[in-house]
Structure formats: C-alpha cells, structure tokens
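J.: Sequence and predicted structure, then a few things I'm wondering about:
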Amino acid sequence: MDAERVKVLIIGSGPAGYTAAIYAARAELAPVMLAGLTFGGQLMITTDVENYPGFPDGVSGPEMMDMFQKQAERFGTTIHFEDATSVDFSKRPFRVESEERAFLADCVIVATGATAKWIGLESEERLTNRGVSACATCDGALFRDKEMAVVGGGDTAMEEALFLTRYAPKVTVIHRRDELRASKIMADRALNHEKIEFLWDSAVDEVLGDEFVTGVRTKNLKTGETTDTAVDALFIAIGHKPNTELFRGQLETDDVGYLKVEPGTSRTNIEGVFACGDAMDPVYRQAVTAAGTGCMAAIDSERWLAENE
Ligand code: NAP
C-alpha cells in the first residue's frame with residue numbers, strides 16, 4: 001500500500017487526541033488523525049460531564065466530543081474514522097496503517113485511551129448484550145421499569161447507578177468492599193438515593209439466565225453466604241484497561257499495559273513517539289488531564305520536529 005507522508009500522526013480521538021490535534025494544527029503541522037471506528041473515546045458513553053472547567057452547567061459527553069472535533073478540524077486536522085491496524089516504530093519515518101491507508105509519519109502521538117474491564121465469568125460473556133453491559137448510558141433505556149444492578153465502587157459505578165434510576169424502580173450496587181472508592185460527592189449522591197441499594201463485601205459469582213439476564217448470584221466475601229438478586233440487567237463498572245495492545249513489543253509499558261513516558265513529558269522509549277491520555281495515565285484518568293497531556297504531546301512533538309528536521 002502506498003503511504004502518505006505526514007509530519008504528525010495522531011492515533012485516537014478522545015480528549016487527549018483532539019487536544020493534541022488542536023495544538024499540532026495550530027502549530028501548522030497539518031496533523032492527521034486516525035480517530036478509530038468507535039471514535040470520541042470514553043466520553044461518548046458518558047451522560048453529564050460536570051467537572052470539565054468552562055461548562056458551569058455541565059455538558060453531555062458526545063456533545064463535548066463534537067466540539068473537540070470541530071475545533072481540531074477548524075485549524076486543519078485531517079480526520080479518518082478508521083482504526084490503526086499496525087505500527088512499525090523500528091525505523092523513521094514511522095509506518096502506521098489502517099484497513100484503508102498507510103502513513104509514513106515523522107512523529108506519532110499515541111492517544112488510544114482505555115476501555116472497560118469485564119469480571120471474566122463465562123455467564124457474563126454469554127449474556128453480554130442480553131442484559132449484561134458495560135454502558136448504562138447506551139443500554140439503560142432498554143430496561144425501563146425493570147430492576148437492575150451495577151458492579152463496582154468507583155465513580156463510574158456511582159454514575160451508572162444514578163443514571164439508571166431514571167428507568168429502574170430499584171438499582172442494586174454490588175461492591176467487593178464495604179467502602180466506596182468513588183469521590184465523596186458521587187458516593188453521597190448514590191448512598192442517599194432512595195432507589196439505590198448496596199450489597200457490600202460482595203463478589204459476582206454468576207450472572208443468572210439462559211437467554212437473557214434474570215438475576216445475579218453474589219457471594220459475601222466475609223461470610224461466604226450466597227445471595228440471588230432478581231434483575232433484568234447487570235452493568236459492569238469495575239474500571240478500565242489501557243488500549244495499548246497494538247504497540248506491544250515496541251513501546252514500553254508497565255505490568256498492566258499503561259505506556260511508560262519520561263516523567264513530566266509525553267516522551268516514550270522511542271524518540272519521536274509520544275503518548276498521552278488514559279493510555280499512559282494509570283492515576284488521574286480524567287478528561288481534563290487527558291486533554292492536558294494531549295497538549296504536552298503536541299508541544300513535545302513540535303519541539304522534537306524542530307530539533308530533528
Ligand atoms: P476505578 O476508580 O478504578 O474503580 C473501579 C471499581 O471497581 C473499584 O471500586 C474496584 O474495587 C472495583 N473493581 C475492580 N476490579 C474488580 C473486579 N474484578 N471485581 C469486582 N470489582 C472490581 O474505576 P472507575 O470507576 O471506572 O473510574 C476511573 C477513573 O475515572 C477515576 O479516576 C474516576 O474518578 C474517573 N471518573 C470520574 C467520573 C466523574 O467524576 N463524573 C465518572 C466516571 C469516572 P475496589 O474499590 O475494591 O478497588
């Protein structure tokens with residue numbers, strides 16, 4: 001496949017990728033973005049973003065990503081809504097391919113983000129999209145007036161549980177400890193909500209149901225007692241894993257798969273390849289921090305190009 005030569009290729013289109021694009025475009029580097037088939041990142045499945053500065057009344061995740069995209073395009077970013085399928089960082093310019101096209105890039109900004117984790121049960125996999133889901137915003141409305149459950153104790157789990165109260169008469173949150181990890185404001189909202197109940201110290205043993213979810217079997221980790229709760233939907237909200245498989249063997253990662261960068265920079269182990277957003281951030285994982293590191297990656301790229309051209 002003939003390759004198009006570009007200065008900066010950005011892989012990924014969440015807040016990190018788009019911010020990198022805005023900065024690189026404004027630096028007249030004519031960035032090209034492989035946005036992915038499921039573009040926009042995790043904010044595409046987020047209802048209300050209330051903690052991004054500049055939006056005092058909140059904004060919906062998809063609306064925000066639409067604004068990011070328009071701003072990146074306004075300054076001259078070319079966007080292809082395709083997945084990157086292979087990368088070769090062994091020599092410069094770096095070769096990156098999608099199903100449709102190939103690029104030779106002077107530098108690459110990796111902003112591939114993270115995706116939801118699953119518990120790993122056979123019944124969970126079998127009943128996925130049959131009542132098991134990792135996205136309340138996407139699937140909650142399908143179970144109007146039905147009882148539902150959410151697994152997890154972090155902000156995502158609280159957000160999903162609160163969102164589901166729009167539809168469900170009762171939402172059960174199943175958490176493996178007796179203390180929530182979620183921020184105080186989100187935790188308090190869920191704890192004080194009349195439709196939300198908590199099953200503490202509990203792990204999901206099995207998702208019940210043949211064709212569709214009919215319930216969930218949990219085990220109390222302190223007493224060993226097993227409980228069946230009748231629900232029509234089970235939302236898994238137990239965190240995320242970085243989307244870095246494509247770079248395995250080329251970019252250094254930690255044990256979990258988060259890309260390693262030189263502290264305080266976006267520089268990876270390969271000169272000319274920069275990483276930003278949730279793909280390299282196991283700690284903060286916020287839209288605003290992803291945007292911040294996207295900005296860093298664009299500035300690091302610009303400086304690196306200036307030094308190496
Ligand atoms: P998280 O903070 O890592 O929380 C994951 C939760 O799932 C934890 O309570 C954890 O239990 C539990 N868990 C993990 N693995 C499990 C397993 N195998 N089985 C059962 N439970 C398991 O992930 P998150 O809630 O997705 O949040 C990620 C980041 O995004 C956080 O920084 C969060 O603040 C941010 N976020 C913010 C908002 C908002 O402000 N509106 C919304 C969503 C997310 P333990 O507590 O026992 O570890």
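T.: That came through fine. Residues are numbered from 1 along each chain as shown.

J.: Would you enumerate the residues in contact with the nearest residue to Arg92 once chain neighbours are set aside?
T.: Among residues not flanking Arg92 along the chain, Gly272 sits closest, at 6.1 Å (C-beta to C-beta, 6 or more residues apart in numbering). All C-beta atoms are positioned from the backbone trio N, CA, C, and that covers glycine. Contact analysis of Gly272 by C-beta atoms under 8 Å, 6 or more residues apart in numbering lists Arg92, Phe94, Asp106, Cys107, Val108, Trp304, Asn308.

J.: Who wins on neighbours among those residues?
T.: Val108 (30 neighbours; other C-beta atoms under 10 Å).

J.: Tell me if it really is in a strand.
T.: Yes. With DSSP: H, G, I helix; E, B strand; the rest coil as the criterion, Val108 is part of a strand.

J.: right, and it touches Pro93 too?
T.: No. Using C-beta atoms under 8 Å, Val108 is not in contact with Pro93; the gap is 9.3 Å.

J.: and the one residue in the chain that gets nearest to the ligand, how many residues sit next to it?
T.: The ligand sits closest to Gly154 of the chain, with a gap of 2.4 Å, by C-beta to the nearest ligand atom. Per other C-beta under 10 Å, the neighbour tally for Gly154 reads 19.

J.: what does the stretch 101-250 of the chain put close to the ligand?
T.: Contact residues (C-beta under 6 Å from any ligand atom) of the stretch 101-250 of the chain with the ligand: 119, 151-157, 159, 176-177, 181, 183, 237-240.

J.: Touching the helix-or-strand element of the chain with minimal mean pLDDT from outside, list them.
T.: In the chain, no helix or strand scores lower on mean pLDDT, DSSP states H and E than strand 48-49, which sits at a mean of 80. For strand 48-49, contacts defined as C-beta under 8 Å, 6+ apart pick out Leu43, Phe55, Gly58, Val59, Ser60, Gly61, Met64, Ala287.

J.: can you give me how far it is from the chain middle?
T.: Once both centres are worked out by C-alpha atoms, centre = their mean, to the nearest Å, strand 48-49 turns out to sit 14 Å from its chain's centre.

J.: Name the SS class of Gln71, please.
T.: With three-state DSSP as the basis, Gln71 sits in helix.

J.: pLDDT score for it?
T.: The score at Gln71 is 98. That number is its pLDDT.

J.: Could you find the closest non-adjacent residue to it?
T.: Distances taken as C-beta to C-beta, 6+ apart put Ile22 closest to Gln71, at 5.4 Å, once the chain neighbours are dropped.

J.: Mind telling me what element that neighbour is part of?
T.: helix 15-26 (DSSP states H and E).

J.: and after that helix, which helix or strand comes next?
T.: The helix or strand immediately downstream of helix 15-26 is strand 32-34, counting by DSSP H and E.

J.: what about that following strand, average pLDDT?
T.: Confidence over strand 32-34 (mean pLDDT, whole number) is 98.

J.: Sheet-wise, list the partners of that strand with their directions.
T.: Paired neighbours of strand 32-34 in the sheet (DSSP bridges): strand 3-11 (parallel), strand 78-80 (parallel).
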